[in-house]
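K.L.:
Please find the sequence and the predicted model below.
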Amino acid sequence: MKIRGIVTTMVLILTIITASTTTAAALSCNCSDICVNQSGWWHDGGALNMSGVPIQAAVNSATAGETIYVWNGSYTENVNIATPHLTLRGEGADLVTVAVADQGDHVFDVTADYVNISGFTATGATESGKAGVRLGSKQHCNISENNCSGNHYGIWLSASSDNNMLTSNDCSDNDKNGIYLPSSSNNTLASNTANSNGEYGIYLYRSSNNTLLGNNASLNGDHGIYLDESSNSTLRGNTADSNSNYGTYLYLSTNNTLLGNTASNNSDGIYLTFSSNNTLRGNNASNNYCGICLWSSSNNNTLEKNTANSNNEYGIRLDNADNNNISCNWVHNNTVAGFYLMSESTDNIIERNNIIANGNYSDTSGGWEWQFRNNQPDDVDTASNWWGTNNETRINASILDGTYDTNRGNVTTNPKLDGAVPCAPIPELSTVTLLAVGLLMLIGYVRIRRKT
């Protein structure tokens with residue numbers, strides 16, 4: 001009887017073990033090839049493989065072309081991805097947090113091409129040179145919809161990381177830069193947020209042929225978007241507001257195109273130093289210290305259809321900047337001057353701009369002091385601009401040049417336009433003001449057409 005009881009007990013135990021094994025083997029993973037939770041990882045229909053670092057364990061077990069889906073939860077590990085053509089997809093950045101086990105390493109370190117990472121919060125890589133996501137000189141990766149905050153760098157593309165896509169990531173509140181690209185080319189950064197970082201929001205260093213579309217780089221400790229020795233890139237529709245230094249800064253950078261960007265409430269809005277052959281078109285640089293500044297041999301640039309309004313000092317400033325084409329811009333209501341030229345800024349074309357109500361209105365002269373300040377010994381030709389009035393006395397009274405100070409060159413305004421330039425943008429104004437401005441521009445356009 002005792003033997004029979006022992007046998008019965010053993011059979012029951014084996015039955016339970018078999019049932020448990022069958023249950024474990026029945027785990028589903030319909031959403032991808034490999035699934036991960038806080039306990040481990042498994043293939044669809046396979047058994048759970050227990051692990052203290054389940055994401056890394058899943059990556060190590062994956063083969064090229066597979067997708068790893070990570071369920072909600074908090075994970076503590078450093079994930080190194082060395083398998084190409086691998087996709088890591090978290091349930092959502094608000095649901096999946098990966099915090100570093102070692103602060104001296106990256107949260108996600110990608111050392112293979114064609115890797116996709118999305119849907120994670122990557123945080124805690126605070127030691128110098130460490131990032132939430134780092135691409136180690138890799139190509140054709142897609143990093144999207146992640147939160148990379150609380151690191152030294154949010155996302156870092158190390159040298160020769162080319163042809164990658166960074167889309168809809170939040171890289172804010174990092175110790176240094178939100179997104180950092182040194183010596184990396186042909187990358188696209190679209191709809192990312194890089195706010196409140198210790199230094200720069202988005203920093204391109206010696207990087208060319210990159211495209212920045214619709215990013216927000218605001219409230220950073222230095223510049224919002226910084227191109228340093230970086231050329232042939234396109235910046236379109238980005239916002240760089242309320243940064244401690246410049247909104248968008250180009251240093252030793254050439255042949256870049258800035259289209260439809262906004263840079264407001266910064267120290268200076270858009271600032272170029274030693275930067276030539278760039279095109280700035282349709283940007284709004286208002287409510288800064290200086291709207292658009294060309295400094296120190298920033299030559300042969302084109303400024304068209306920009307708005308430089310309500311800046312605390314100057315709308316557009318040229319300092320030792322030559323041969324620039326500045327036309328069809330709206331320069332209005334800047335505190336000190338609409339235009340300010342100094343330090344031998346010569347051979348610039350300044351025409352067909354709407355230069356209106358800059359400086360302070362003088363009851364004595366009837367002019368605005370000052371619409372245009374020529375703080376250099378060289379003469380300046382400003383023919384074919386609209387000064388907000390046809391009264392030549394008032395126009396002349398609005399220009400600070402050799403007429404008032406023999407150390408300054410003279411400013412030529414003739415022939416003047418009879419009305420507002422229709423090619424210049426109209427800023428967002430109140431309805432009544434907008435109608436008045438529109439009527440003013442229409443009258444100017446009709447007068448110009450009659451003359452031609």
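P.N.:
Alright, I've got the coordinates. Numbering: from 1, shown residues only.
K.L.:
buried stuff in whichever strand or helix holds residue 109?
P.N.:
For residue 109, the element it lies in under DSSP states H and E is strand 108-110. Across strand 108-110, burial judged by 16 or more other CB atoms under 10 Å covers 108-110. (Each C-beta comes from the backbone N, C-alpha and C, glycine too.)
K.L.:
again with stretch 108-120
P.N.:
Quick answer for stretch 108-120 (16+ other CB under 10 Å): 108-110, 112-120.
K.L.:
Those: which two are farthest apart?
P.N.:
Greatest spatial distance in these: 113 and 119, 20.7 Å, computed using CB to CB.
K.L.:
would you turn the buried residues of strand 108-110 into TSV with distance to residue 145 and pLDDT?
P.N.:
Shown next, in TSV, are the buried residues of strand 108-110 (distance: CB to CB, whole Å; pLDDT from 0 to 100):
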residue	distance to residue 145	pLDDT
108	14	99
109	19	99
110	16	99
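K.L.:
which one of the residues you listed is nearest residue 132?
P.N.:
residue 108 (7.0 Å).
K.L.:
Look up the residues forming beta bridges with the closest one.
P.N.:
residue 79, residue 133 (DSSP bridges).
K.L.:
I figured it hits residue 75, correct?
P.N.:
No. Counting by CB atoms under 8 Å, residue 108 does not reach residue 75; the two are 11.3 Å apart.
K.L.:
Mutual contacts of those two, please.
P.N.:
residue 98 (CB atoms under 8 Å, 6 or more residues apart in numbering).
K.L.:
all strands for the stretch 1-150 of the chain, in order.
P.N.:
34-36, 40-43, 49-50, 67-70, 73-76, 79-81, 87-90, 96-99, 108-110, 116-118, 121-123, 131-135, 142-144 (DSSP state E, counting those that start in this stretch).
K.L.:
again, but for the stretch 151-300 of the chain
P.N.:
Here the stretch 151-300 of the chain has its strands, by DSSP E, counting those that start in this stretch, at 153-157, 165-167, 177-182, 188-190, 202-205, 211-213, 225-228, 234-236, 246-251, 257-259, 268-273, 279-281, 290-295.
K.L.:
What of the stretch 351-452 of the chain?
P.N.:
Secondary structure of the stretch 351-452 of the chain (DSSP E, counting those that start in this stretch): strands at 354-356, 360-361, 368-369, 372-375, 380-381, 399-400, 411-412.
K.L.:
Please identify which of those strands is closest to residue 282.
P.N.:
Among those, the nearest to residue 282 by CB to CB is strand 354-356 (14.6 Å).
K.L.:
Against which helices or strands is the closest one packed?
P.N.:
On a contact count with 3 or more CB pairs under 8 Å, 6 or more residues apart in numbering; DSSP states H and E, strand 354-356 meets strand 330-332, strand 337-342.
K.L.:
can you list contacts of the first one?
P.N.:
It stands for strand 330-332. Contact with strand 330-332 is made by 291, 306-310, 315-316, 338-339, 353-358, 424-427, as judged by CB under 8 Å, 6+ apart.
K.L.:
Could you check what's spatially nearest to residue 298, not counting adjacent residues?
P.N.:
residue 272 (4.2 Å; CB to CB, 6 or more residues apart in numbering).
K.L.:
what do you get for residue 135?
P.N.:
residue 161 (4.3 Å).
K.L.:
Give the bridge partners for the residue nearest to residue 298, please.
P.N.:
residue 250, residue 294.
K.L.:
pretty sure it is in contact with residue 250, am I right?
P.N.:
Yes. Using CB under 8 Å, residue 272 makes contact with residue 250 at a distance of 4.7 Å.
K.L.:
Spit out the residues that contact the two alike.
P.N.:
residue 278.
K.L.:
Pick the most deeply packed of the strands of the stretch 351-452 of the chain.
P.N.:
Between the strands of the stretch 351-452 of the chain, strand 354-356 has the highest mean count of neighbours, a mean of 27, where neighbours are mean count of other CB atoms under 10 Å.
K.L.:
Next one: the residue lying closest to residue 360 once chain neighbours are set aside from residue 59, what distance?
P.N.:
The shortest distance from residue 360 to any non-neighbouring residue, by CB to CB, 6+ apart, is to residue 369 (5.5 Å). Relative to residue 59, residue 369 is positioned 67 Å away (CB to CB, to the nearest Å).
K.L.:
what's the burial count for the residue nearest to residue 298?
P.N.:
30 (other CB atoms under 10 Å).
K.L.:
how much space is there between residue 78 and residue 44?
P.N.:
Taking CB to CB, one finds residue 78 at 27 Å from residue 44.
K.L.:
quick one, which of the two is more surrounded?
P.N.:
Neighbour count, other CB under 10 Å: between residue 78 and residue 44, residue 78 has more, with 22 against 13.
K.L.:
got the contact list for the more buried one?
P.N.:
56, 100-102, 105-107, 109.
K.L.:
ok so, going back, now list the buried members of the contacts of strand 330-332.
P.N.:
Buried among those (16+ other CB under 10 Å): 291, 306-310, 315-316, 338-339, 353-358, 424-425, 427.
K.L.:
hang on, isn't residue 349 packed against residue 327?
P.N.:
Yes. With contact defined as CB under 8 Å, residue 349 counts as touching residue 327 (6.8 Å).
K.L.:
Name the residue in these two with the higher neighbour count.
P.N.:
Comparing residue 349 with residue 327 by other CB under 10 Å, the one with more neighbours is residue 327, at 19 against 16.
K.L.:
so what's that one up against?
P.N.:
303-304, 349-353, 423.
K.L.:
so can I have TSV of those residues showing distance to residue 393?
P.N.:
Listed next are the contacts of residue 327 as TSV, based on distance: CB to CB, whole Å:
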residue	distance to residue 393
303	29
304	30
349	26
350	21
351	22
352	23
353	21
423	27
